[in-house]
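Participant: kindly generate the corresponding structure for this input.
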Amino acid sequence: MSDSAGAVILFDGVCNLCNGIVQFVIARDPRGYFRFGALQSPEAARLLASLDPPLAPADSLVLLEGGKAAIRSSGALRILRRLQFPWPMFYAFILVPRPLRDWVYDLIARRRYGWFGRQDTCMLPTPDLANRFVK
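Facilitator: Sure thing, here's the model as predicted:
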């Protein structure tokens, strides 16, 4: 996927926090740069396998941009830098050492179901947003 074509955010489709993040990004991405896909989908497995080197299925956020994957805190920060102001300012946290950023990310990720809950099925996009989701 070229940079001009946008990027794909793969997310845990049954996680309420992850679904909220997708809604947050959609509301702050009026150009439609980002597309979305549930990590549980066959298309997500195909996209992850097509990377060089292939990325094993993940259990939280994966950003696919420019033929590369960014995961955990790096993926989240790269998403923020593409949103409307003021969110790109948070990309400055990329200067924090990755182990520390990922520790905070992992702390939240491990507790996301307990704190925010989960759904029995993946989120279904509304008809007007269906073109923003990979199938």
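Participant: phi, psi of the closest residue to Leu39 other than its chain neighbours?
Facilitator: By the measure of C-beta to C-beta, 6 or more residues apart in numbering, the closest residue to Leu39 outside its immediate chain neighbours is Leu10, 5.0 Å from it. Yep, even glycine has a C-beta here, placed from its N, CA and C like the rest. The phi/psi pair for Leu10 (degrees, to the nearest 10) reads phi -100, psi 130.
Participant: I figured Leu10 hits Ala38, correct?
Facilitator: Yes. Counting by C-beta atoms under 8 Å, Leu10 sits close enough to Ala38 to count as a contact (7.4 Å).
Participant: between these two, who's got more neighbours?
Facilitator: Leu10 (30 against 23; other C-beta atoms under 10 Å).
Participant: and the more buried one, what is it in contact with?
Facilitator: Phe36, Gly37, Ala38, Leu39, Ala44, Leu47, Leu48, Ala58, Leu61, Val62, Leu63, Leu64 (C-beta atoms under 8 Å, 6 or more residues apart in numbering).
Participant: of the residues you listed, which belong to strands?
Facilitator: Members of the contacts of Leu10 lying in strands (criterion: DSSP state E): Phe36, Gly37, Ala38, Val62, Leu63, Leu64.
Participant: contacts only, for Arg110.
Facilitator: If you count contacts by C-beta under 8 Å, 6+ apart, Arg110 has none.
Participant: next, the buried residues of the lengthiest helix in the chain.
Facilitator: The helix of greatest length in the chain, counted in residues with DSSP state H as the criterion, is given as helix 98-116. By neighbour count, and taking 16 or more other C-beta atoms under 10 Å as the criterion, the buried residues in helix 98-116 are Arg101, Asp102, Tyr105, Ala109, Arg112.
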